[in-house]
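In: here are the coordinates; sequence isn't available:
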């Protein structure tokens, strides 16, 4: 494995050379009202979650095109399809990633390359666990109430998505039975976007 600083965009592009399957999965989050959101954090979020995926795709495509096959999966979010207050950078980055993925799908189709997004709701990750703890402290309620009453308020299924569930979706999009799936957003949001 290669450890990579995704704010070093040139290194990210170089690291992707020769890639058959690219999964863009980096994410960072800061929850603040827009007027209190630090501009430098906004820039970092967009660098890590939108510019770095662009550079990784750019680095991977020549090899994929050359062999006539490639798979790109972008881990987006329900926030790539819907907005929530206080998450301006994250929502902006995920909406941008959705667009990048679709453009990549259109350009890559004639070269045997698919590009798709996986759009989970809240996944059981350290990033989400921190949000639960922060919001529990802010609202003075237990983390379980934060989960069901705040984070999952719009979700029909009142639980976190497990990382293994997301991994299965990624594996499907990289496998032989998904060769006609491109430019899509595979929603795993417990019914959030069904509203």
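Out: Structure's in. What do you need? All of these numbers come straight from a predicted model, not from anything done at the bench.

In: contacts and neighbour counts: CA atoms only from here.
Out: Will do.

In: and the lengthiest strand in the chain, what does it pack against?
Out: Once the chain is assigned using DSSP state E, the strand that runs over the most residues is strand 113-120. For strand 113-120, the elements it packs on are strand 70-75, helix 88-108, helix 163-174, strand 185-188, judged by 3 or more C-alpha pairs under 8 Å, 6 or more residues apart in numbering; DSSP states H and E.

In: cutoff 10 Å now
Out: Applying 3 or more C-alpha pairs under 10 Å, 6 or more residues apart in numbering; DSSP states H and E, we find strand 113-120 packed against strand 21-24, helix 52-67, strand 70-75, helix 88-108, helix 163-174, strand 185-188.

In: now find how far off-centre the helix or strand following it is within its chain.
Out: On the C-terminal side of strand 113-120, the nearest following helix or strand under DSSP states H and E is helix 126-139. Its chain's average C-alpha position is 20 Å from that of helix 126-139, according to C-alpha atoms, centre = their mean, to the nearest Å.

In: do stretch 26-44 as well
Out: Relative to the mean C-alpha coordinate of its chain, stretch 26-44 is positioned 16 Å out (C-alpha atoms, centre = their mean).

In: and it, what's its mean pLDDT?
Out: Taken as a whole, stretch 26-44 carries a mean pLDDT of 95.

In: which residues touch it?
Out: For stretch 26-44, contacts defined as C-alpha atoms under 10 Å, 6 or more residues apart in numbering pick out 6-7, 45-53, 74-76, 84-94, 127-128, 130-131, 134-135.

In: repeat the analysis, applying 6 Å as the threshold.
Out: 86, 87, 89 (C-alpha atoms under 6 Å, 6 or more residues apart in numbering).
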